[in-house]
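*Asks:* Quick check, what structure comes out for this input:
(one chain, ligands or ions: 2)
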Amino acid sequence: MTPSAQLTFLGTAFSIATTQNDHTHFVVQGAKTTLLVDAPSPTVHRLQRAGVDPTALSAILLTHFHPDHVSGVWLLLMDLWLMGRKQSLPVIGLKHCIERVQTVLKAFDVAGWAGMYPIEWVVVEEQVGAAVWECEDFAVTATPVMHFVPCIALRFYHKPTAGVVVYSADTQPCQNLLELAHEADWLIHEATGLGVGHTSPEQAGWIAEQAKVKNLALVHYDVLSPDPSQIQAGAQAVFGKDVWLAQDFKTIEF
Ligand SMILES: [Zn+2]
Ligand SMILES: [Zn+2]
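*Replies:* Ligands and ions are numbered 1, 2, ... in the order given. Purely as a prediction, here's the structure:
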């Protein structure tokens, strides 16, 4: 039987995290590949708690330069150096994000970190179907979405199973995302709430329905809500199938 890829949520919250739900980020694992998507907070212990060896990361993918998505990236880069990483590490994102990550890393005087492994900066084109990552296990592509700063949604195609997961990142409903999510096995969609630059649970349900995805998981939701079941119910009312309010350290397979 062909082994599935695994996506493990390391966080599922919107811009305010709690002890139960960290900021939204996750790790995608294939037979030989481990991809981290966003690094909002001290990531090493989240990976360890998920049973993922931090030193085995194949690449870090960054959706956009907002604190609740990148604030842990410099600490992670330093920790991997201190944990003895030697192999180069791709850090992948839009020019807007990569330039700012580099600026702060410079401010941390990375040049003085003796024996620091090489970082392979990879700039993703801000266009539909942009290439992000290609290996034996996965082909990852991106599309620009509508947020306050340049931001990309990601599509993970797992080659051995032909399974597809699409992650909206932070966005308001947009045509690019609808197309990227078309008939995906899983759509992982933000559900921050109604307003510019974000999506409500009902809108996320509508996108999932329009894109004809098989499964919908909501992330980046209001974890301070007194009744989170209402968030799930809002999307469920529009999407004709079950909706899952994603939880930290839970896994999906594709
Ligand atoms: Zn954002
Ligand atoms: Zn966010």
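
*Asks:* Not counting stretch 8-26 itself, show me its contacts.
*Replies:* Stretch 8-26 has contacts (Cβ atoms under 8 Å, 6 or more residues apart in numbering) with 7, 27, 29, 36-41, 43, 46-47, 50, 52, 66-69, 167, 188, 190, 192, 219-224, 245-251. C-betas here are computed from N, CA, C, even on glycine.

*Asks:* Just the buried residues of that stretch, please?
*Replies:* The neighbour-count check on stretch 8-26 (16 or more other Cβ atoms under 10 Å) flags 8-14, 17, 21-26 as buried.

*Asks:* pLDDT and secondary structure for those - can I get that in a markdown table?
*Replies:* As requested, the buried residues of stretch 8-26 are exported to a markdown table (pLDDT from 0 to 100; DSSP: H, G, I helix; E, B strand; the rest coil):
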| residue | pLDDT | secondary structure |
| --- | --- | --- |
| Thr8 | 98 | strand |
| Phe9 | 98 | strand |
| Leu10 | 98 | strand |
| Gly11 | 98 | strand |
| Thr12 | 98 | coil |
| Ala13 | 98 | strand |
| Phe14 | 97 | coil |
| Ala17 | 97 | coil |
| Asn21 | 97 | coil |
| Asp22 | 98 | coil |
| His23 | 98 | strand |
| Thr24 | 98 | coil |
| His25 | 98 | strand |
| Phe26 | 98 | strand |
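
*Asks:* Quick check: the two most widely separated of these?
*Replies:* The most widely separated members of the buried residues of stretch 8-26 are Thr8 and Phe14, with 19.3 Å between them, by Cβ to Cβ.

*Asks:* re earlier: filter the contacts of stretch 8-26 down to the ones close to ligand 1.
*Replies:* Checked against ligand 1 using Cβ under 5 Å from the ion, these yield the following neighbours: His66.

*Asks:* from the contacts of stretch 8-26, which ones fall inside strands?
*Replies:* Counting by DSSP state E, the part of the contacts of stretch 8-26 found in strands is 7, 27, 29, 36-37, 167, 188, 190, 219, 245, 251.

*Asks:* What residues are bridge-paired with Asn215?
*Replies:* Trp186 (DSSP bridges).

*Asks:* residue contacts, it?
*Replies:* Contacts for Asn215 (Cβ under 8 Å, 6+ apart) come out as 185-187, 241-242, 244, 252.

*Asks:* Scan those and report the most crowded one.
*Replies:* Neighbour tally across those (other Cβ atoms under 10 Å): the maximum, 27 neighbours, falls on Leu187.

*Asks:* who's in contact with the closest residue to that one other than its chain neighbours?
*Replies:* Spatially, and ignoring its direct neighbours in sequence, Leu187 is nearest to Val213 (4.2 Å; Cβ to Cβ, 6 or more residues apart in numbering). Val213 is in contact with 166, 181, 183-187, counting by Cβ under 8 Å, 6+ apart.

*Asks:* about what we covered before: adding distance to Leu80 and pLDDT, write the contacts of Asn215 out as JSON lines.
*Replies:* Below are those laid out as JSON lines (distance: Cβ to Cβ, whole Å; pLDDT from 0 to 100):
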{"residue": "Asp185", "distance to Leu80": "31", "pLDDT": "98"}
{"residue": "Trp186", "distance to Leu80": "28", "pLDDT": "98"}
{"residue": "Leu187", "distance to Leu80": "31", "pLDDT": "98"}
{"residue": "Lys241", "distance to Leu80": "39", "pLDDT": "94"}
{"residue": "Asp242", "distance to Leu80": "38", "pLDDT": "93"}
{"residue": "Trp244", "distance to Leu80": "31", "pLDDT": "97"}
{"residue": "Ile252", "distance to Leu80": "26", "pLDDT": "97"}
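
*Asks:* Go through the residues you listed and say which is closest to ligand 2.
*Replies:* Leu187 (17.0 Å; Cβ to the ion).

*Asks:* Write out the residues of the stretch 151-254 of the chain neighbouring ligand 2.
*Replies:* Residues of the stretch 151-254 of the chain lying near ligand 2 (Cβ under 5 Å from the ion): Asp170.

*Asks:* All set now, cheers.
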